[in-house]
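Engineer: Show me the folded form of this:
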Amino acid sequence: MVFSSLEFIFLFLPAFFLIYGITPTKFKNLVIFLGSIIFYSLGITQNIIYLPLFLMTILCNYVVGRLIGKSKAHSKQWLILGVIYNFWWLLFFKYSEFFLENFNFALDTSLPVKMITLPIGISFYTFQNVSYLSDVYHKRSKAETSLINYGAYISMFPQLIAGPIVTYRTVAVSLRLRAHTLEKVEEGLRTFTIGLGYKVLIANQIGHLWNELGKVGYESISTSLAWMGILAYAFQLYFDFYGYSLMAIGLGKMMGFRFPDNFNHPYTAISMTDFWRRWHMTLSSWFRDYIYIPLGGNRNGQLQTVRNLFIVWLLTGLWHGASWNFVLWGLVTFFFLLLEKFLIGDYLEKHRVIGHIYTIFVILITWALFAITDFHELGVFFAKLFPFVHVGEAFQGDYLRFLKSYWYHFLIAGCLSTPYPERALQKIKYPVVSGVLLLAIFWGSVYCMYQGMDDPFLYFRF
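Structural biologist: Numbering: from 1, shown residues only. A predicted model of the protein is given here:
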């Protein structure tokens, strides 16, 4: 079940908040826990065996967290066991097929490879469990004494399946003491509606262009259409994930929580370094706090810094998917970040227009690596992007047909990628005007969902 579905908006959400609203404060976390388990169960009906695994993961991390907090002599051993336990399941479900396929290829063996369905949200809740254990070990947080509270934190349905990655320390106080007001509910509904509009009215619609190119075949498109297609994918990915993050943040507000922001208009960045401070910020923060800094960060000289950045971006690529194109995407991103760090970063900072043009160009190139998993297809697509690699230019003018259908989608997406429309909405002094606008967004989204114009959330596969 996704947030941008009629079942969620008109069935699950009203039922949950009706029960949540009438439940006494001391039992609200129990409602969150049980409601989130029901939500998770509805998403894994074809693989219900994953529910006991999920509950066991919550229980094990709760127990290990308590042991780390209590034990002075063996806390490090408990931390190591907890980290191994969490990453074992992630490695098994997400990477076992990838490892076996490459093992067979490298050694010319024929070990059986079975496709395993990835449990929904495992990449996100694994990171949250590990960050919790680490924070308890390093005394950044106290071990949670209530299993219900910890279960509510890990399973909280707004951020369970696709983030933002919420560390325990950011919500520890709210789990015990939070205010429930009509103002927060109103603010949450506004945020949820904007996110819903981004997902359904922007991402889903402009994403059809990229999907059409895949059906036509990259060998049958012109260079102009190839660039138009990857730009459409860039907008689709952004508004899909940003919209989903806003919906999660809005639902959190309605429940009395304040989740961290996940995006800060990344397409206005002036460098790739700036871009990754703005894109999927909770993931970037996680890798910084729990991988990069523990490895030494930039404290031990340039060579160690390069090594640490390499490890972070290799793991970031693998986190997004068990496929070599994600590894390549991570390494190419690492190359540009290194280039900026040691050579061109200051220049881009001083010449912001050039920096912005450079960043958009690099973003589109890296998103192509991100989007196309087959290396042959990737090679064909890059031959179209850069025709000097490919002799001749076929299908000239094909982009005009798509431009007639999608020009206004690009215009709207480009405008909404900047901070100005959201600022303008916040500054509207007349509540009726903003209310009517939000109602139009909501019911326009509902209409598209009713017409079957909604697409599954892109980050579910990660």
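Engineer: any idea how far Phe287 is from Ile9?
Structural biologist: 33 Å (C-beta to C-beta, to the nearest Å). C-beta here means a position set from N, CA and C on the backbone, and glycine is covered the same way.
Engineer: what's the answer for Lys199, then?
Structural biologist: 12 Å.
Engineer: So for these two, which sits in the more crowded spot?
Structural biologist: Lys199 (30 against 17; other C-beta atoms under 10 Å).
Engineer: so what's that one closest to, chain neighbours aside?
Structural biologist: Nearest non-adjacent residue to Lys199, counting by C-beta to C-beta, 6 or more residues apart in numbering: Gly243, 3.4 Å away.
Engineer: how far away is the one you found from Phe235?
Structural biologist: Gly243 is 11 Å from Phe235, by C-beta to C-beta.
Engineer: Between the two, which has more neighbouring residues?
Structural biologist: Gly243 (27 against 24).
Engineer: what are the ranges of the helices in the stretch 51-200 of the chain?
Structural biologist: 75-107, 122-137, 147-155, 157-160, 168-176, 182-197 (DSSP state H, counting those that start in this stretch).
Engineer: got it, and the stretch 201-350 of the chain?
Structural biologist: 204-216, 223-254, 272-278, 281-287, 293-295, 302-320, 324-339, 345-350.
Engineer: now for those helices, which one comes closest to Asn102?
Structural biologist: helix 324-339 (8.5 Å; C-beta to C-beta).
Engineer: Now do the helix or strand of the chain with the lowest mean pLDDT against helix 223-254, angle only.
Structural biologist: The weakest-scoring helix or strand in the chain, judged by mean pLDDT, DSSP states H and E, is helix 420-427 (a mean of 84). Interaxial angle of helix 420-427 relative to helix 223-254 (axes from the mean of the first three to the mean of the last three C-alpha atoms, to 10 degrees): 30 degrees.
Engineer: Mind listing what's buried along the helix or strand that helix 420-427 is followed by?
Structural biologist: Next helix or strand after helix 420-427 toward the C-terminus (DSSP states H and E): helix 431-450. For helix 431-450, the neighbour count (16 or more other C-beta atoms under 10 Å) marks 434, 438, 441-442, 445-446, 448-449 as buried.
Engineer: quick one on the thing from earlier: centre of the chain to the least confident helix or strand of the chain, how far?
Structural biologist: 24 Å (C-alpha atoms, centre = their mean, to the nearest Å).
Engineer: Please apply the same query to stretch 51-61.
Structural biologist: 23 Å.
Engineer: model confidence over that stretch, on average?
Structural biologist: Across stretch 51-61, pLDDT averages out at 95.
Engineer: Likewise for stretch 319-328?
Structural biologist: pLDDT averaged over stretch 319-328 gives 91.
Engineer: just stretch 344-363 next, same as before
Structural biologist: 95.
Engineer: For Ile291, which non-adjacent residue is spatially closest?
Structural biologist: Val312 (5.4 Å).
Engineer: Verify the contact between that neighbour and Tyr290 for me.
Structural biologist: No. With contact defined as C-beta atoms under 8 Å, Val312 does not reach Tyr290; the gap is 10.2 Å.
Engineer: Which residues belonging to stretch 302-310 are considered buried?
Structural biologist: Those would be 305, 308-309, for stretch 302-310 by 16+ other C-beta under 10 Å.
Engineer: outside of it, which residues touch it?
Structural biologist: 292, 295-298, 334, 337-338, 341-342 (C-beta atoms under 8 Å, 6 or more residues apart in numbering).
Engineer: Pick out the most distant pair among those residues.
Structural biologist: Leu295 and Phe342 (18.6 Å).
Engineer: So for those two, which sits in the more crowded spot?
Structural biologist: A side-by-side neighbour count of Leu295 and Phe342, using other C-beta under 10 Å, places Leu295 first with 16 against 11.
Engineer: Tell me where the chain is predicted with low confidence.
Structural biologist: 389-395, 453-462 (pLDDT under 70).
Engineer: cutoff 80 now
Structural biologist: Counting by pLDDT under 80, the chain has low-confidence residues at 1, 72, 111-115, 163, 388-397, 426-431, 452-462.
Engineer: show me the contacts for the residue lying closest to Tyr137 once chain neighbours are set aside.
Structural biologist: Among residues not flanking Tyr137 along the chain, Leu79 sits closest, at 4.5 Å (C-beta to C-beta, 6+ apart). Counting by C-beta under 8 Å, 6+ apart, Leu79 touches 64, 68, 133-134, 137.
Engineer: go on, Phe87?
Structural biologist: By C-beta under 8 Å, 6+ apart, the neighbours of Phe87 are 126, 130.
Engineer: one step back: which of the helices of the stretch 51-200 of the chain is buried the deepest?
Structural biologist: Here the criterion is mean neighbour count by mean count of other C-beta atoms under 10 Å, and of the helices of the stretch 51-200 of the chain the winner is helix 157-160, at a mean of 26.
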